[in-house]
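Enquirer: Test case, fold it:
(one chain, ligands or ions: 2)
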Amino acid sequence: MNRWHAGKKLALALMFGLFPLLAACGRADLSVLNPQGPVAQRQFDVLMVSVGIMTLVVVVVFALLIYVLVRFRRRRGDNSIPEQVEGNHKLEIIWTVIPIILLIILAVPTVGAIGKFAEDYWDDPNAVQVKVTAYQYWWEFEYPQYGITTAQELVVPIGKKIAFELVAGDVKHSFWIPAIGGKMDNNPGLTNRFYLEFPTPGVYRGRCAELCGPSHAYMDFKAKAVDQASFDRWVAAMQGPAVLPEDDNIREAFVSKCLTCHAVGDQGAPIGPNLTGLGSRVTVAGILFNDTPEQEYVIDPAKTEENIKVWLEDTQKIKPGNMMPSAVDLQLTQEQIDGIAKYLANYRLDYE
Ligand code: HEC
Ligand SMILES: [Cu+2]
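Expert: Ligands and ions are numbered 1, 2, ... in the order given. Purely as a prediction, here's the structure:
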């Protein structure tokens, strides 16, 4: 009785314990199982066809197995050897033909969908071109139609085809926004093209989906989908003149110690992410969130400032093996750290 009680308690605890875990499976900003937009929906449909077929196979095979186990079990006192059968044409044809039919049912929508996913809208004047270059462990997004470059946070208009050209700056990476679609490899020296569509405004979480080094698991990015007017304002703000720190000492430090690798303004950066409008990004370095738990994805400048300091203090602790030196190696004073963090956190492009 007691043991039964404990078992029941454990089962209940497991059920409720797993609940929040499983609930995350449906997040609209993250989950393949809650597809957003036509590309993700099509991929989900193909997934469901194969899950359906596999479920059918499992159910039929297990039903037959259980039936045979029960029906042909050895009965008490029966020591006779059953009739020995070898080769049954009818059965062999059945279990060859049925899998072939199932494979055809699986193949037709899959091959059709794969063709659709690979459609190239790069030269479509209505599409927005984004060239994605993946580095250990960050993402660069270049918009050749507008002459602008950003990093870690992709900004796109809703309802339009976003034509991606993928390449890697070092090793192989893979571009994946689970709720929106993907994934596709970023290879060094070889470009891949595909497209995605974002149906509703919001922040979607992106990931690197190819083991690329010690900080692979931290190689996150965000995709922010906004309406067309906001997107146009963002492009105009990105194209505008760069803003530098007002204070002479801070500006001098920023230019000499940071702009050697980074850039502000519309040009790409030589080694690191473009920092233009960093204060408008949901994260620092892709993983330190600038929002508060109460208001997801609403940026809190004080939190951004804190995150920039955390990042500068020990970049290797946040993302082991990344290419940015820490404050000590850059010989920054505390005053410079504070000043630069304040400047970057308040470097906002108010386009939403
Ligand atoms: C040697 C080149 C180099 C120098 C110098 C450098 N950085 Fe970086 N920085 C990088 C690289 C590379 C990354 C990307 C790291 C990653 O995420 O893997 C980065 C990332 C960042 C990020 C996160 C960017 C984002 O999009 O979220 C910030 C902020 C930053 N650096 C600020 C600074 C500041 C401020 C300085 C000067 C005090 C500086 N960096 C100096 C190379 C450099
Ligand atoms: Cu990667």
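Enquirer: I am assuming L30 contacts P178, so please confirm or correct that.
Expert: Yes - using C-beta atoms under 8 Å, L30 makes contact with P178 at a distance of 5.9 Å. Every residue, glycine included, has its C-beta placed from N, CA and C.
Enquirer: Can you pull the residues that touch both of these two?
Expert: Shared contacts of L30 and P178, defined by C-beta atoms under 8 Å, 6 or more residues apart in numbering, comprise R205.
Enquirer: Name the residue in the two with the higher neighbour count.
Expert: Per other C-beta atoms under 10 Å, whichever of L30 and P178 has more neighbours is P178, with 23 against 19.
Enquirer: And for the residue nearest to that one when sequence neighbours are not counted, the neighbour number?
Expert: In space, and not counting its chain neighbours, P178 is closest to V32: 4.8 Å by C-beta to C-beta, 6 or more residues apart in numbering. Using other C-beta under 10 Å, the number of residues around V32 comes to 16.
Enquirer: again with K303
Expert: Burial of K303 is recorded as 16 neighbouring residues (other C-beta under 10 Å).
Enquirer: which residues sit in contact with the residue positioned nearest the centre of the chain?
Expert: The centre of the chain sits closest to G206, judged by C-alpha atoms, centre = their mean, with a distance of 2.3 Å. Taking C-beta under 8 Å, 6+ apart, we find G206 in contact with W139, L154, F175, W176, I177, D220, F221, K222, A223.
Enquirer: Alpha carbons of the helix or strand where the last one lies, as PDB, please.
Expert: Which is A223. In the assignment (DSSP states H and E), A223 maps to strand 221-226. Below are the C-alpha coordinates for strand 221-226, written out as PDB (Å, rounded to 0.1, in the frame of the first residue of the first chain):
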ATOM      1  CA  PHE A 221      21.200  35.700 -32.300                       C
ATOM      2  CA  LYS A 222      17.800  37.400 -32.400                       C
ATOM      3  CA  ALA A 223      15.600  38.200 -35.300                       C
ATOM      4  CA  LYS A 224      13.400  41.200 -34.800                       C
ATOM      5  CA  ALA A 225      10.400  41.400 -37.200                       C
ATOM      6  CA  VAL A 226       8.800  44.900 -37.400                       C
END
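Enquirer: close to ligand 1, is the following helix or strand past it?
Expert: Later in the chain than strand 221-226, the nearest helix or strand by DSSP H and E is helix 228-239. No - using C-beta under 6 Å from any ligand atom, we find that helix 228-239 stays clear of ligand 1, coming within 13.7 Å at best.
Enquirer: Residues touching helix 228-239, excluding its own?
Expert: Residues from elsewhere that reach helix 228-239 (C-beta under 8 Å, 6+ apart): 143, 146-148, 150, 155-160, 226, 266, 276-277, 349-352.
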